[in-house]
Structures are given as C-alpha cells and as structure tokens.
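Trainee: What follows is a predicted structure for the sequence shown.
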Amino acid sequence: MEHSNRESWRALPAAQQPDWPDRAALRSTVSALSAAPPLVFARECDTLLDRLGEVARGEAFLLQGGDCAETLDSVSAESVRNKLEVLLQMAAVLTYAAAVPVVKVGRLAGQYAKPRSQPTETRDGVTLPSYRGDAVNGLDFTTRSRTPDPARLQRVYHASAATLNLLRALTAGGHADLDQVHEWNRDFVALSPACRRYERLADEIDRALGFIRACGMNTSTLRTTEVFASHEALLLDYESALVRTDPDTGRRYALSGHMLWIGERTRQLDGAHVAFASEVSNPIGVKLGPDADPDDVRALIDLLDPHRTPGRLTFISRMGRGRVRDRLHGLVEAVRGTGADVVWACDPMHGNTFTAPSGHKTRRFDDILDEITGFFEVHRALGTHPGGVHVELTGEDVTECVGGGSEVCSDHLHLRYETACDPRLNRGQSMDLAFRVAEWYSA
Ligand code: PEP
Ligand code: MN
C-alpha cells in the first residue's frame, strides 16, 4: 500500500525459500516472467477488496477452498470444473443459510509452493531436499526430481493462466447457473446417507428458487458468478516478478492472483513476506496458529493495513479443535481495539492433522466441523462476525480425510489418496460440511 518503501522486502530475511542451484537460470526465468502479461487485472483485485470489505462488515460470507497443493499434471478441464462445481454447490447452500452473499475464492491458479517443516527428507538412508510444491521441484523421491528447477516457475505461470482462463469461461458462460447448481445439490442430497437431515434445507431452497422465478427475476446474476483466485505468496522471486504498477492509479499489485496469503511459517513481523505484502494493494490473508498472540496481531495490522481499509486483511485462524475456543477469543478482542475492519476466516484443516495407523496424513471430518463450531461460538460470544471458512478440498471422490456422511474410514485411506501434500475433503465431505455449517445458522 505504501509507495515509499517499495521493494524494501529484498533486504529482509525470507523464510522457506528454495535453494535454487542454478542462479543464472532463476534470473532468466524471473526476467521472462517480469515481461509477461499479468495473470489477473488490478481492478479485479479491487473488486475482491470491496467484497471482502462487505464480509468484514458482516454483510457477506467468505468461502475459500481448493487443493493444499495444485500439481502441474492434474490441471485438466475436468479437475478445474469439479473444483468450481463443489465451490458453487457449497456457496449455494451457505448463501441460503447465512442469507448474505457468499464471496467465492478458490485456492487455485497459483497454489503450487509449499512451506515445509524440514528442509530435507530421508528414506532408506537416502537424504534429498523436501518436496516444496510443483513450482520448485517434483514429488518423486529421486535426486533429479527433488532438485529445485526454476523452469518450473514458468510452467506454473502457464498452468495458472490456463486454469484462470477456464474458470472465467465456466463462470461467465453459464456453468454457474443457480438452478443447475441447485440440481446438483438435490442429487447430492438424494444419494447422501444424511439425506433426511439435509432434505429440509434443500426443499426450502427449492421454494426460494421457485419464488424468484415466479417473480420474473431471471437475470444474469442467477446464471453467472464471480470466482476469485488465491494462493500462498511463498516464493518471493515468482511473486515479485508478477508485480505490476497500475498505470491509472500508480498503485502496485501482485498480479499472480487476486488474493494472496502469508502462511503460519512466514508471517514474521520483520521478515520479507510481510514486507512484500505491505508493498502491494491486493487483499492479503495471514494465517494465525495457536501461538499467535494479541501483540502479533496488532503489529500485523499496523504493517499490512495502516490505513484501516475494510477487507484489506483477512485473518485465517487455524488453531486446532482443542484450542480454537481458548486461543481465538483474545485475538478477536485485540483486533476490535485497533479500528481495523478485518475478515475473520476459519481454516479448520491445518490444526487437525494426524497420521493414521496406515501412515497416511489425515484429518477427521468431525474435528474439522468442531473447529468451525468453536470459531462460530467465539464470534457469537463477542458479537463479531464469523466471516468465513478456508478449506482444503477437491471436486474428486478421493479418500484423504476420514468421516463425513459417506464415512471414509481409516482402512480406506489408501484407495484414493492422491494429494501431493495435505489431505483434502472430497466432494461429498465438502457438501456435508456446507450443510452442517448451514445448520449452525438455524440453530
Ligand atoms: C496451507 O494452507 O497449506 C498451509 C501450509 O497452511 P499454514 O500456513 O496454516 O500451515
Ligand atoms: Mn495444506
């Protein structure tokens, strides 16, 4: 947001950056990306900022979701369409229940870089660099695949462009038609073991849509929608190569996506990631784990939202089900005293990960739901707005998280465990979550 300190982040320590062996190749990739067209348009970032301002004021709800880590090989028409469909289906249920617009933000078209707790991984006595996302290296455990390769940054740029292109075509071209989305929801309910439980809400939505049609309201707002793209701003070489100055306003934007967030491992107050984000005008998210304290949160606001712009900052809490009730309260109170209109979103995934007996990293549906319930309880007690949810999901029928209406059990995790990083809710589990969160509004 500040123009005076532009690029000051370059002098600060940047956590979680790859050790690129070929620096000359990195420089040439960065210079090619710096000359390439941006992936999104500055006005779109401003539109999302306005929408998030509405969320911050309690007039809208944020649904943010997608893969933990996108992979280059899985960018296909089908996977993008499936992810979009599940977001639209969840949004339809949540819009009705919360009775406010749902701002849809995909974790997609750029979510290719991962922070890791260990820089290396050892298997059978062989030690190689950890997988850091397809933007950096490959998941295969070989020296060749695990060596960071800057050419991947260009592949990520092109894969993100293709994803965004399809997303825009689908959302503008009729695939987001609300009647059709509701039909998919009816199909989900009909086949769900929790059919009886969800049917009432689905019937109510039927009647609401019937009312809208009867009133002759068949406008384009029912056939098209806005879906924004977001990812973690982790690789500062890539992100800075896609920063552009808007010729109309002179403001700088990170045009690799509409919204960028800073992860729990890179939100150091004196680190490069926070400084980088402070120098661009996009909406910014910051993950807050259970160790975040009120001073951190106030300092983040001063650094990232000095002008107190509603929706500029989204705090994404990821405390774990056992700690959300205890830890979140003080942070929300601290923010209230600053005059900032932030969005509070709940990431119920990252504090609830454990290893199943089979060795798979997984999460329980009930733990995820319990963290969201705790998040709602804290906001209800304080009279603040539970602004949204941030979830890892996919439109496919994978078996990565346990539980949900169709009960994935831990013995079944191996059947379709396809994530390159963290376990995602599958399509049915995502819909279960939407219906269960919806129930919270009528409780
Ligand atoms: C993530 O969102 O995939 C992630 C790494 O989260 P966090 O920064 O909250 O650990
Ligand atoms: Mn993750």
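Mentor: Now that the structure is in, tell me what you want to look at. Residues are numbered from 1 along each chain as shown. Ligands and ions are numbered 1, 2, ... in the order given.

Trainee: now the strands for the stretch 251-400 of the chain?
Mentor: 252-254, 259-262, 284-288, 313-317, 343-346, 353-355, 361-363, 388-392 (DSSP state E, counting those that start in this stretch).

Trainee: With respect to Ser79, which of those strands lies nearest?
Mentor: Among these, the nearest to Ser79 by Cβ to Cβ is strand 388-392 (14.5 Å). In short, each C-beta sits where N, CA and C put it, glycine included.

Trainee: before we move on, back to that, CSV for the strands of the stretch 251-400 of the chain, including mean neighbour count and distance to Gly110?
Mentor: Formatted as CSV, those follow (neighbours: other Cβ atoms under 10 Å; distance: least, Cβ to Cβ, whole Å):
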stretch, mean neighbour count, distance to Gly110
strand 252-254, 24, 10
strand 259-262, 26, 9
strand 284-288, 25, 13
strand 313-317, 26, 17
strand 343-346, 28, 18
strand 353-355, 12, 23
strand 361-363, 22, 23
strand 388-392, 25, 15
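
Trainee: Of all the ones you listed, which one is nearest Asp432?
Mentor: Nearest of the strands of the stretch 251-400 of the chain to Asp432, taken as Cβ to Cβ: strand 388-392 at 11.7 Å.

Trainee: the inter-axis angle of that closest one versus strand 284-288?
Mentor: Inter-element angle recorded for strand 388-392 and strand 284-288: 80 degrees (by axes from the mean of the first three to the mean of the last three Cα atoms, to 10 degrees).

Trainee: and strand 388-392, C-alpha only, in PDB?
Mentor: Only the C-alpha atoms of strand 388-392 are listed here, as PDB (Å, rounded to 0.1, in the frame of the first residue of the first chain):
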ATOM      1  CA  GLY A 388     -15.900 -17.300   6.500                       C
ATOM      2  CA  VAL A 389     -14.100 -20.700   6.100                       C
ATOM      3  CA  HIS A 390     -10.900 -21.600   4.400                       C
ATOM      4  CA  VAL A 391     -10.800 -25.300   3.500                       C
ATOM      5  CA  GLU A 392      -8.700 -27.800   1.600                       C
END
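
Trainee: For that strand, which strands pair with it and how are they oriented?
Mentor: According to DSSP bridges, strand 388-392 has the following sheet partners: strand 61-66 (parallel), strand 343-346 (parallel).

Trainee: Using JSON lines, lay out those together with distance to ligand 2 and mean pLDDT.
Mentor: Listed next are the strands paired with strand 388-392 as JSON lines, based on distance: least, Cβ to the ion, whole Å; pLDDT from 0 to 100:
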{"stretch": "strand 61-66", "distance to ligand 2": "10", "mean pLDDT": "98"}
{"stretch": "strand 343-346", "distance to ligand 2": "14", "mean pLDDT": "98"}
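
Trainee: got TSV for the ones you listed, with distance to Tyr417 too?
Mentor: Rendered in TSV, the data for the strands paired with strand 388-392 read as follows (distance: least, Cβ to Cβ, whole Å):
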stretch	distance to Tyr417
strand 61-66	18
strand 343-346	25
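
Trainee: Out of the strands of the stretch 251-400 of the chain, which is closest to Cys68?
Mentor: Smallest distance to Cys68 across the strands of the stretch 251-400 of the chain (Cβ to Cβ): 4.7 Å, for strand 388-392.

Trainee: Okay, angle between whichever helix or strand comes after the closest one and strand 61-66 too, please.
Mentor: Going down the chain from strand 388-392, the next helix or strand is helix 427-442, by DSSP states H and E. Going by the same axes, to 10 degrees, helix 427-442 is angled at 160 degrees with respect to strand 61-66.

Trainee: Need the CA coordinates for helix 427-442. CSV is fine.
Mentor: What follows is helix 427-442 as a C-alpha-only set of coordinates in CSV (Å, rounded to 0.1, in the frame of the first residue of the first chain):
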residue,chain,number,x,y,z
ARG,A,427,-16.7,-33.7,-2.9
GLY,A,428,-19.2,-35.4,-0.6
GLN,A,429,-17.4,-34.3,2.5
SER,A,430,-17.3,-30.8,1.3
MET,A,431,-21.0,-30.8,0.7
ASP,A,432,-21.6,-32.4,4.2
LEU,A,433,-19.6,-29.5,5.6
ALA,A,434,-21.6,-26.9,3.8
PHE,A,435,-24.9,-28.4,5.1
ARG,A,436,-23.6,-28.8,8.6
VAL,A,437,-22.3,-25.2,8.7
ALA,A,438,-25.7,-24.1,7.3
GLU,A,439,-27.4,-25.8,10.2
TRP,A,440,-25.5,-23.6,12.5
TYR,A,441,-27.4,-20.6,11.2
SER,A,442,-30.8,-22.0,12.1
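
Trainee: could we number from 16 for the rest of this?
Mentor: All set: I'll call the first residue 16, so the last point we hit is now helix 442-457.

Trainee: Quick one: residues contacting the residue in the stretch 266-415 of the chain that ligand 2 sits nearest to.
Mentor: Residue of the stretch 266-415 of the chain nearest ligand 2, by Cβ to the ion: Glu407 (5.5 Å). Residues near Glu407 by Cβ atoms under 8 Å, 6 or more residues apart in numbering: 80-83, 122, 364, 437-440.

Trainee: and ligand 1, which of those contact it?
Mentor: Among the contacts of Glu407, proximity to ligand 1 is found for 83, 437 (Cβ under 6 Å from any ligand atom).

Trainee: buried sites along stretch 37-45?
Mentor: Using 16 or more other Cβ atoms under 10 Å as the test for burial, stretch 37-45 gives 41, 44-45.

Trainee: Out of these, flag the one nearest to Tyr172.
Mentor: For the buried residues of stretch 37-45, the minimum distance to Tyr172 (Cβ to Cβ) is 9.2 Å, reached by Thr44.

Trainee: Surely that closest one touches Val171?
Mentor: No: assessed by Cβ atoms under 8 Å, Thr44 is found out of contact with Val171, at 10.3 Å.

Trainee: Any stretches of the stretch 216-365 of the chain with poor pLDDT?
Mentor: Within the stretch 216-365 of the chain, no range satisfies pLDDT under 70.

Trainee: OK, now which residue of it is nearest to ligand 1?
Mentor: Gly278 (3.0 Å; Cβ to the nearest ligand atom).

Trainee: who touches that residue in this structure?
Mentor: By Cβ under 8 Å, 6+ apart, the contact set of Gly278 is 31, 130, 247, 249, 302.

Trainee: Just send these back as CSV, with distance to ligand 2 too.
Mentor: Putting the contacts of Gly278 into CSV (distance: Cβ to the ion, whole Å) gives the following:
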residue, distance to ligand 2
Gln31, 13
Pro130, 9
Glu247, 9
Leu249, 12
Lys302, 10
